[in-house]
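# Pasted the sequence and its predicted model underneath.
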Amino acid sequence: MLKKITSLVVVGLLLNLTFVAPVSASTRPEKEAKFVAELKTKLATFGSGTEAQVKVTLRDKTKLRGYVSEVSDAHFVVVDPKTSVTTTVFYPQVKQVTGHNLSTGGRIAVNVAIAVGILLVIFMIVGRYADD
C-alpha cells in the first residue's frame, strides 16, 4: 500500500515538473510587437476576399464583422458584406480576431483526434496501475 502511494506521489510530482509555464519579463512594446506579428500571421492564414470572413474585436470594445479586403504592414481593411462599409483597422487597435479558416469537417476531425489522444493516455496510465 505504501509503495502505491509513494509511486502516485512521484508520478504527480513528475507531471508537475513537465507542465511548468515559462515566464518572460518583456516590456509592453515587446508584447505589442509580438501580438502584431501573430495577428499578421493569423490574417495571412485567413487570406483576403469574400471568403475571408472575420470577426474583429477592438480595444475600445467595438466589434466588426465582414471580410478582409486588404492587408498591409500597418493596417487591414474589413468590409461589411451587408452594407459595403469599409473600415480601416490599425493593428494596435485590435484586441482579438477570429475567422473561418477550417471547415466543419476539419474542426470535427481535429476534436476527434484530440479526444482519441487523451483517451489513449488515460488507458495507458490506468493499465499500468491495474497490474499492481
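Great, that's in hand.
# What is the neighbour count of residue 97?
Other residues near residue 97 come to 20 when the count uses other CB atoms under 10 Å. Using the backbone N, CA and C atoms, a C-beta is placed for each residue, glycine as well.
# pretty sure it contacts residue 53?
No: taking contacts as CB atoms under 8 Å, residue 97 lies outside contact range of residue 53: 11.2 Å.
# Give me the buried positions along the longest strand along the chain.
For the chain, the longest strand by residue count, based on DSSP state E, is strand 63-71. Residues 64, 66, 67, 68 are the ones in strand 63-71 that count as buried (16 or more other CB atoms under 10 Å).
# Nearest to residue 42 among those residues?
Nearest to residue 42 out of the buried residues of strand 63-71 is residue 68 (CB to CB; 10.6 Å).
# picking that back up, between the following helix or strand past the longest strand of the chain and strand 63-71, how many degrees?
Downstream of strand 63-71, the first helix or strand assigned by DSSP states H and E is strand 75-79. Strand 75-79 and strand 63-71 are oriented at 120 degrees to each other (axes from the mean of the first three to the mean of the last three CA atoms, to 10 degrees).
# average model confidence for the helix ranked longest in the chain?
Longest helix in the chain by number of residues (criterion: DSSP state H): helix 104-130. For helix 104-130, mean pLDDT rounds to 80.
# Just want the angle from the strand or helix carrying residue 37 to strand 75-79.
Residue 37 belongs to helix 28-46 when assigned by DSSP H and E. For helix 28-46 against strand 75-79, the angle by the same axes, to 10 degrees is 50 degrees.
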